[in-house]
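Participant: structural data only, the sequence is not supplied:
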């Protein structure tokens with residue numbers, strides 16, 4: 001799991017149905033990219049007492065935590081079951097900065113309704129799908 005807390009993070013959601021890409025820069029609180037390798041059990045033989053495993057498919061899940069004010073309707077832009085191209089820059093999107101780009105869809109997006117004014121915190125969970133287009137864990141950077 002990789003976690004970043006910064007004022008300079010960058011995220012871009014692209015989709016052919018959006019009038020314009022949804023870019024979020026100003027209200028970042030935290031980004032967590034949870035990468036895992038799903039194990040495949042390969043145990044064989046009658047005398048085995050412990051399971052054998054080999055590494056299987058890689059998988060990423062992203063959690064984006066951001067602050068929004070009472071008038072911000074940004075989460076309403078996202079459509080359920082819609083796959084987006086998501087570009088993440090943990091240090092902004094300047095040339096040479098780490099970049100992760102992958103298809104994914106929003107799996108949770110709680111909408112908080114509260115009285116009073118001020119900033120609210122929203123956490124959006126994104127399940128990625130397929131191979132990364134650009135994988136920052138393999139050294140991908142912005143051009």
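Facilitator: Structure's in. What do you need? Computed from a predicted model, the values in this text were never measured in an experiment.
Participant: so what touches stretch 32-51?
Facilitator: With contact meaning Cβ atoms under 8 Å, 6 or more residues apart in numbering, stretch 32-51 is reached by 1-4, 52-63, 65, 88, 100, 137. Bear in mind the C-beta positions are built from the backbone N, C-alpha and C, glycine included.
Participant: switch the cut-off to 6 Å
Facilitator: Outside stretch 32-51, the residues that touch it by Cβ atoms under 6 Å, 6 or more residues apart in numbering are 1-3, 52-63.
Participant: which residue is nearest the middle of the protein?
Facilitator: Taking Cα atoms, centre = their mean, the centroid of the chain lies closest to residue 62, which sits 2.8 Å from it.
Participant: helix, strand or coil: sort out that one for me.
Facilitator: Per DSSP: H, G, I helix; E, B strand; the rest coil, the secondary structure class of residue 62 is strand.
Participant: and it, what does it touch?
Facilitator: Contacts of residue 62 by Cβ under 6 Å, 6+ apart are 33, 126.
Participant: how close does it sit to residue 127?
Facilitator: Distance of residue 62 to residue 127, given as Cβ to Cβ, to the nearest Å: 8 Å.
Participant: before we move on, back to that, from the contacts of stretch 32-51, which is closest to residue 133?
Facilitator: Set against residue 133, the nearest of these by Cβ to Cβ is residue 60 (12.2 Å).
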